[in-house]
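Chemist: for reference, the sequence and a predicted model appear below.
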Number of protein chains: 4
Amino acid sequence: MHSTTLLSPQPPTAATAPPVGVAVLGCGYWGPNLVRNFFDTPGCRMLAICDQSEARRQAMQARHPSVRAVADFGDVLRDASIDAVAIATPVQTHAPLAKRALLAGKHVLVEKPLTTSVEDAEELVELAQRQRRVLMVDHTFVYTGAVRRMKDLIDTGEIGELYYYDSVRVNLGLVQHDVNVVWDLAAHDLAIMDYLLPVRPTQVSAIGVTHLPGGMADVAYLTLRFEGDLIAHFHVNWLSPVKVRQVLVGGDRRMILYDDLEPTEKVKVYDRGVRWNGHADDARREALVAYRLGDMHAPMLDQTEALRTECGHFIESIRGGGTPVTDGQAGLRTVRILAAAERSLQKGGAMERLDG
Amino acid sequence: MHSTTLLSPQPPTAATAPPVGVAVLGCGYWGPNLVRNFFDTPGCRMLAICDQSEARRQAMQARHPSVRAVADFGDVLRDASIDAVAIATPVQTHAPLAKRALLAGKHVLVEKPLTTSVEDAEELVELAQRQRRVLMVDHTFVYTGAVRRMKDLIDTGEIGELYYYDSVRVNLGLVQHDVNVVWDLAAHDLAIMDYLLPVRPTQVSAIGVTHLPGGMADVAYLTLRFEGDLIAHFHVNWLSPVKVRQVLVGGDRRMILYDDLEPTEKVKVYDRGVRWNGHADDARREALVAYRLGDMHAPMLDQTEALRTECGHFIESIRGGGTPVTDGQAGLRTVRILAAAERSLQKGGAMERLDG
Amino acid sequence: MHSTTLLSPQPPTAATAPPVGVAVLGCGYWGPNLVRNFFDTPGCRMLAICDQSEARRQAMQARHPSVRAVADFGDVLRDASIDAVAIATPVQTHAPLAKRALLAGKHVLVEKPLTTSVEDAEELVELAQRQRRVLMVDHTFVYTGAVRRMKDLIDTGEIGELYYYDSVRVNLGLVQHDVNVVWDLAAHDLAIMDYLLPVRPTQVSAIGVTHLPGGMADVAYLTLRFEGDLIAHFHVNWLSPVKVRQVLVGGDRRMILYDDLEPTEKVKVYDRGVRWNGHADDARREALVAYRLGDMHAPMLDQTEALRTECGHFIESIRGGGTPVTDGQAGLRTVRILAAAERSLQKGGAMERLDG
Amino acid sequence: MHSTTLLSPQPPTAATAPPVGVAVLGCGYWGPNLVRNFFDTPGCRMLAICDQSEARRQAMQARHPSVRAVADFGDVLRDASIDAVAIATPVQTHAPLAKRALLAGKHVLVEKPLTTSVEDAEELVELAQRQRRVLMVDHTFVYTGAVRRMKDLIDTGEIGELYYYDSVRVNLGLVQHDVNVVWDLAAHDLAIMDYLLPVRPTQVSAIGVTHLPGGMADVAYLTLRFEGDLIAHFHVNWLSPVKVRQVLVGGDRRMILYDDLEPTEKVKVYDRGVRWNGHADDARREALVAYRLGDMHAPMLDQTEALRTECGHFIESIRGGGTPVTDGQAGLRTVRILAAAERSLQKGGAMERLDG
């Protein structure tokens, strides 16, 4: 666990290591952000973009004249100056494209979710290991100052024993046609939870409803169970009139409210709680429940753009030979929960086991 | 449905109808509020209080010297000047006390939840009908200006077809020993929903966890299903560092955000939504989803204390011979959901049918 | 200054000191709150109320049958069992009534503002001293947990050198006929500032406007100057659609945001600031301005009702022979600023000196 | 007044009018935003940028390879293909640069404030008139959906007779060395007020304090008087721990709260107020004050980037021959208030007349 807590688990990069040549695949909504950030990342050279749309290629080249723009992914794979590929294409194409890139000996960063099936994710993880290449998934929120600060609070024991993890991500969102609200929104929240919690869920249940004919589920609730009394719950909704992005983490020592829409005080730590100080069979039970109402503390957070931190971490992982915080395993764990949630959704909310 | 929309379904009270004699049973936390409000309600005389604790009886008499204070409920039942009894005792005693009162020919107002079992609630409903007495349950929030305004919005079709009902009631609450967080907190929310929605749920699932040894569930999530694509969801939690009391109601025409902690703008109506304007099999589906981003409107609300409105409604129902908005049937419907949620909780979240 | 920081400057009360007999004068809006709190205060006996309105006298006696209700203040003054009088009558009557009470040997608590003129306030202060009686002014906010916590923060140096004090108290208030918005609202804010700041203002300017014919100023801005670069500013407004009650206190080490409408986190302490670390004539000035963006901390506050704390403090001051935190001098200082602000208002905002 | 309400007072542009050649002068913080927006504005060609810094010129050309980058402003002035110049240089250089541009026959857009002296502003206005060229000042907030919506509300009489205008713009800002907080922050607020109000102020008073040695005023309060009972007040502060950007506009029919930091509901219209319905000498005055507590309404706002709208308006004014909403006169009026506020600041807050 400790290796994922910190963002610099990598051995120090030799000053003489050559810069990493990077190509970005897919220049729709997210790709241009990757290009901009790789330009600002030391230790790499942003060399090429690849997109089937000529309009997009031209737009990118107008903005970044030094970048090579190609239509055929084969051109990227054959280019020996390109060491690493960042994939920001539609989710169904993640697996085949990442596989080709790894087979061609490239390091790979894949937008979330890693794949649409557990089998694909497993294959990518194995392939990356065999090829000795970095496979990283773009779980962007993990690289925010807010989430990294929460990780510290949990790892150092400030929160104490964990009671519950409650997440809400709702807004009037673009109703999508290829994925439902779970794969679209809960993918973010499961990735955050995967990073924050020191334990893994054992079961998941999901209930969702579809309101537009021929559409996918647009409102859904996920419940995750763990060993012991920890519970995690996620509300994702494309049909909310207001935008909410909140996580509550309850512990026996302290509690956290993470509100991603707060401009500066995104993380609030409450020195409040209820604690049981005695024995279960104790007749004087009532006297042994201690309520604590204490101060609130909002730590100053690192304001660096998450994607900037993440691109730097990807390049450092390649140059230093380390394992990224959001490696293929993290991507696989998240896909495993998403796939089980999907099965539960089809069965009307039945609890599904999470094996592995 | 229309008869419950308005708070004056009763036939006009004859001006000559004699005032209703009232006794309040139980003077712990809630009883004194009932006493104070019955004193301010026209058409009734607040005559007696009944409590086994001598200290409480003395405290009430010091504040209200004109009121008779008795220890024995039999004294209340035998007193012919007392027409109506308001019961604010521990929940397990609701059923036997209400039964005795109805058998003695009294009208009865019972604190929420009406009973702890469906059988008890059914028996009370039948008994009240047989005795031709008013049986009313104290679903206080139903009598707030906010909830009544929401009822208008839903009944007049302003919200349109209902998509979802999402409720959150969390705070650092008193961990109780006789009831769990569902019976304590969700009882409020199910009563509000029962009043607001024109349809009845068909299934309920509940998942909860217990963190204190020997305790009851302190965090729980309830999901209710209806005919069609409507879903209702409730988050209740005694271990939250912050207090939240929010309901989101999504419809195809408008959406409501009800925030009970807002000082004045508790109800916000958003002219926003996603609407499907075409046929499910239509290939041009994408073009037929219409997003609407419009104004927000916060109506001025009646600020009258809810319990004051409720006590007046109880007295008017007695004098006018009408059926109260939160009658025994409303209490029974809520108990039926609570009992089914309890069974689901025991089974780890299985969907339970709601028959009747 | 230190003696006013703490709420227990009084010598310990002899356990054998007899309880203080209390009468409350004026039972309109505020008087009943005083009665209720004196009933709950140890060391005193709430004996009598005095009001010219028979309806009010009857209402008070119905609620508090043990209390004597009289119409004539002379009856209170002649009653040897009454040691202390709390005055909650219209502001113009404060001075004559308080004077009669002091002359009759009673201790006196007067609602804010102490008087309507500096001369009256000075006379009361001298009279109380001569009669060796406690004269206290009801600056209620001084007794809140929030303001007392801010006092600690300022006194202990946590805030550092003070830069500014900015206060806003606006709402859709009752437009009054006997006093303008400065005497009505700013009286609260000047009392809070008088308690919090270790220095006294030297000048005041006030600008106000009147919008209703025949009315008093309903919107006003006050500016206070001190020795050095400290400035204080107050916005009071009866015509605001929203209610705001905020104070910003800027210092060179930390800054405070006090929001009285926040349910729990009323006081937020920001570890932020701008600091000058060099010499004014230093050419490298730019490099010597240090910005600090740090954590925010919201301390847990004492939630006791302010008036409860205040009544206890009044009784303890009488029994222990100490000087109350909001003594006649504090009342006089506040009246002095209000009177000078009134003069400035008449002159269109001219700076008025505050002597004494 | 009406001509400034709408953003299209210009006569329709002939479809055949040639595109306007544009140069941007100064590529520090604001200039690149102008460049980006002129690229997206129809009817113009973004041709050149001018900056003395070679690093900045190179940065701009890397991003926009088609743009000519020059160091000498003379090159721009001599270029006949350049019809219009946008000036985003330090404020002291606005007047000389704008003057040279107008003399060379260019249309000119100047960043706020237009100049640092009334004389300079007057000269520019006259020169533009003589040269028959568009002179526009970059009062960006005037082009936001929020401010334009407020303008509609005021112009259509929805707010009624204006009572007060209260503005707060505070944050932990960059303490500047060349201008004080009034010229830096209040320039925005005075420009917004100049656009919104149908009347002009007659007097201004300003009080400010300086906390850093050798610095400029960092906290200031401005008060503006008008004919009648309207008052305007501005709080600007570089030393606030929290960011606040709010305007309250009170009228006798409705009131507005404009909160620029709200993500979507920036403008809230309250159907609340106090109204005087009778005669001033009327003895029954009390009965004639009518309080109104009504609904709140948050209109949907145009979300277009303000600078985008503004650049389009500049180009349309040039092509259509119309007068821009924020023309030289608007810039001059704002500079006139700023200069008078500066004089008042030096005199410790004396009221200064605003002539002309």
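Modeler: Sure, I can see it. Numbering: from 1, shown residues only, chains lettered A, B, ... in the order given.
Chemist: next, name the residue at the spatial heart of chain A.
Modeler: The residue lying closest to the centre of chain A (CA atoms, centre = their mean) is residue A:139, at 2.6 Å.
Chemist: for that one, give me its contacts.
Modeler: Neighbouring residues of residue A:139 by CB atoms under 8 Å, 6 or more residues apart in numbering or on different chains: A:112, A:188, A:191, A:192, A:194, A:195, A:326, A:330, A:331, A:334. Every residue, glycine included, has its C-beta placed from N, CA and C.
Chemist: that one: what's its closest spatial neighbour, skipping adjacent residues?
Modeler: residue A:191 (3.7 Å; CB to CB, 6 or more residues apart in numbering or on different chains).
Chemist: now residue A:299: phi and psi?
Modeler: The phi/psi pair for residue A:299 (degrees, to the nearest 10) reads phi -70, psi 150.
Chemist: count the neighbours of residue A:353 for me.
Modeler: 10 (other CB atoms under 10 Å in any protein chain shown).
Chemist: what's the local residue count around the residue lying closest to it once chain neighbours are set aside?
Modeler: Counting by CB to CB, 6+ apart, the nearest residue to residue A:353 once its immediate chain neighbours are dropped is residue A:203, at 5.7 Å. Applying other CB under 10 Å, we find 17 residues neighbouring residue A:203.
Chemist: in contact with residue A:203: list those residues for me.
Modeler: Counted by CB under 8 Å, 6+ apart, residue A:203 has contacts A:224, A:225, A:351, A:352, A:353, A:354.
Chemist: quick check: the two most widely separated of these?
Modeler: A:224 and A:353 (11.7 Å; CB to CB).
Chemist: circling back: and the contacts of residue A:203 as TSV, adding distance to residue D:34?
Modeler: Putting those into TSV (distance: CB to CB, whole Å) gives the following:
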residue	distance to residue D:34
A:224	50
A:225	56
A:351	58
A:352	55
A:353	59
A:354	54
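Chemist: by neighbours, which of these wins?
Modeler: residue A:224 (25 neighbours).
Chemist: part of a strand, is that one?
Modeler: Yes: looking at residue A:224 with DSSP: H, G, I helix; E, B strand; the rest coil, it is inside a strand.
Chemist: that one bridge partners, please.
Modeler: residue A:204, residue A:232 (DSSP bridges).
Chemist: how far away is the residue in the stretch 1-150 of chain A that chain D sits nearest to from chain B?
Modeler: The nearest approach of the stretch 1-150 of chain A to chain D comes at residue A:65, 5.0 Å away (CB to the nearest CB). According to CB to the nearest CB, to the nearest Å, residue A:65 and chain B sit 35 Å apart.
Chemist: now that residue: closest residue in space that isn't a chain neighbour?
Modeler: Residue A:65 sits nearest to residue D:65 (CB to CB, 6+ apart), 5.0 Å away.
Chemist: quick one: that neighbour and residue A:71, what's the gap?
Modeler: Distance of residue D:65 to residue A:71, given as CB to CB, to the nearest Å: 22 Å.
Chemist: quick check: residue A:350 touching residue A:344?
Modeler: Yes: using CB atoms under 8 Å, residue A:350 is in contact with residue A:344, at 5.5 Å.
Chemist: can you list residues touching both of the two?
Modeler: Contacts common to residue A:350 and residue A:344, judged by CB under 8 Å, 6+ apart, are residue A:205.
Chemist: between these two, who's got more neighbours?
Modeler: Shown here are residue A:350 and residue A:344; by other CB under 10 Å, residue A:344 has more neighbours (22 against 16).
Chemist: avg pLDDT for the strand or helix carrying residue A:150?
Modeler: When elements are assigned from DSSP states H and E, residue A:150 belongs to helix A:145-155. Regarding helix A:145-155, the rounded mean pLDDT is 98.
Chemist: got it, and stretch A:342-349?
Modeler: Stretch A:342-349 comes out at a mean pLDDT of 95.
Chemist: with chain B in mind, check whether it reaches it.
Modeler: Yes: using CB under 8 Å from any CB of the partner chain, stretch A:342-349 reaches chain B at A:348, A:349.
Chemist: give me the neighbour count for residue A:81.
Modeler: 10.
Chemist: ditto for residue A:72
Modeler: Residue A:72, neighbours per other CB under 10 Å, totals 10.
Chemist: that one - nearest residue in space that isn't next to it in sequence?
Modeler: residue A:50 (7.5 Å).
Chemist: and if you look at residue A:192?
Modeler: Once flanking residues are discounted, residue A:192 sits nearest to residue A:141: 5.1 Å by CB to CB, 6+ apart.
Chemist: wouldn't the one you found be in contact with residue A:147 here?
Modeler: Yes: Residue A:141 lies in contact with residue A:147 (CB under 8 Å); the separation is 5.4 Å.
Chemist: the two: which is more packed in?
Modeler: Comparing residue A:141 with residue A:147 by other CB under 10 Å, the one with more neighbours is residue A:147, at 24 against 20.
Chemist: the more buried one and chain C, how far apart?
Modeler: Separation of residue A:147 from chain C (CB to the nearest CB) stands at 17 Å.
Chemist: check contacts around that residue.
Modeler: Residue A:147 sits next to A:141, A:192, A:195, A:196, A:258 when contact means CB under 8 Å, 6+ apart.
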